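Asker: What follows is a predicted structure for the sequence shown.
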Amino acid sequence: MRSLNILVLAAVIALGTGLPAGASSSVWYTSEGGKVRLVTSGGPDESGKIHGVLDIALKPGWKTYWRDPGDSGVPPQVDISGSTNIADAQLSFPPPRRHDDGYGKWAGYDRPVSLPVTFTLSAPDQPATIDAHVFLGICETICIPVQTRLSVDPASDPDNATDTALVKTALATLPSPARPDFGVRVLPGDHETLVVEAHSPGDPDAVDFFIAGERDYMFGAPVRSEKDGKLVFTVPILDRPSATPTDGGLYYTLVSAEGAVDGLLPFP
C-alpha cells in the first residue's frame, strides 16, 4: 500500500516558490489543500540556534503527516543545503493522531499545525539566511505532495512579536521527555515484532503509541492489549536493516488524555 500511494503522490507533485519576505517569515505558498510558510523568531540564541516553525494551514478535510506517516504518504522534509551559514535544520513534531482513511492507517494531523524547526548556525557570529526546500504530503481523498522553496532573512525583522509568539506557542505543543511513570519499557519480542509496555497517567483507553521507522526500519500499526493489568503495544516490524544499528535509537511518542511524552527506544 505504501509503495502504491507514493506512486500516486509522485504523479501529482505541486511545485512552487515562496520568495523572501521583508520579515522573519517567508511568504505563504498556496496549494490545493492549504498553504505553508516558514516563520522564525529572528536572530540566533546564545547557543547559535535560530528557532522557527513550518506553519501548515490545512483546508477543512485535508490532512498532513507525522515524522512516520504509517503505511502511506511521506513525512515532512526540510533541505537547507542552499542556505547561508546554516549547518543543520531539525524538525520536531507535536503529538499526532492515528487515522484510518479506508486506504491505510497513518499518523498525522487533520487540522492546521506548526512544526517547530531548529536551525543551527555554522558560525554563530556571522549573518545567516535560510533558503529551505520543503517537501510534505497533504491529503484529502488523494495525497498531493507539496514541494516548494521558502526563503527567510531572520535578521531582517528580529523583533517581530507576532512571529516570536507563534514559535513559542508551537514549542509549547511538543511532547515532554519520557519519565518512569509516563513512558514505555521494551519487553521481549522476536525478529518480527517490537513489544512495549506503556505507563501513563489517566484513562488507559486514551493512550496511543507511535514509533518512527528510520534507518531502514518500517513498522505496521501498533496493536494494543492488556497483559496482567498492564497496557502493551505490539508493533509489527515490516522491514529492517541487514545489520542492527549500534548508535542512536528510534523516536517514539506516547499520547494520553493527560498529555504526551517522547523519547528514544533501542533498535530492535
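Answerer: Everything's here; your move.
Asker: For Leu91, the count of nearby residues, please.
Answerer: 15 (other C-beta atoms under 10 Å). Backbone N, C-alpha and C define where each C-beta goes, glycine included.
Asker: Any idea what it is bridged to?
Answerer: Val117 (DSSP bridges).
Asker: That one contacts Leu54, doesn't it?
Answerer: Yes: with contact defined as C-beta atoms under 8 Å, Leu91 counts as touching Leu54 (6.9 Å).
Asker: now the helices for the stretch 51-200 of the chain?
Answerer: Per DSSP state H, counting those that start in this stretch, the stretch 51-200 of the chain carries helices over the ranges 161-172.
Asker: show me where pLDDT drops low in it?
Answerer: 71-72, 103 (pLDDT under 70).
Asker: residue ranges of the strands in it, please?
Answerer: Taking DSSP state E, counting those that start in this stretch as the criterion, the stretch 51-200 of the chain carries its strands at 63-65, 77-79, 86-91, 97-100, 105-109, 113-121, 130-139, 143-152, 176-177, 183-190, 193-199.
Asker: Alpha carbons of the fifth one, as PDB, please.
Answerer: This means strand 105-109. Output of strand 105-109 as PDB, limited to C-alpha atoms (Å, rounded to 0.1, in the frame of the first residue of the first chain):
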ATOM      1  CA  LYS A 105      -3.600   3.700   8.600                       C
ATOM      2  CA  TRP A 106      -1.300   6.600   9.200                       C
ATOM      3  CA  ALA A 107      -0.200   9.100  11.800                       C
ATOM      4  CA  GLY A 108      -0.500  12.900  11.400                       C
ATOM      5  CA  TYR A 109      -2.700  15.900  11.700                       C
END
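Asker: residues making contact with it?
Answerer: Contact with strand 105-109 is made by 56, 58, 63-66, 68-73, 94, 96-99, 210, 221, as judged by C-beta atoms under 8 Å, 6 or more residues apart in numbering.
Asker: List the neighbouring strands of that strand plus their orientation.
Answerer: strand 63-65 (antiparallel), strand 97-100 (antiparallel).
Asker: most packed of the strands of the stretch 51-200 of the chain?
Answerer: strand 63-65 (a mean of 25; mean count of other C-beta atoms under 10 Å).
Asker: That strand: how far from the chain's middle?
Answerer: Put simply, strand 63-65 sits 10 Å off its chain's centre (C-alpha atoms, centre = their mean, to the nearest Å).
Asker: and if you look at stretch 198-215?
Answerer: The mean C-alpha position of stretch 198-215 is separated from the chain mean by 16 Å, C-alpha atoms, centre = their mean.
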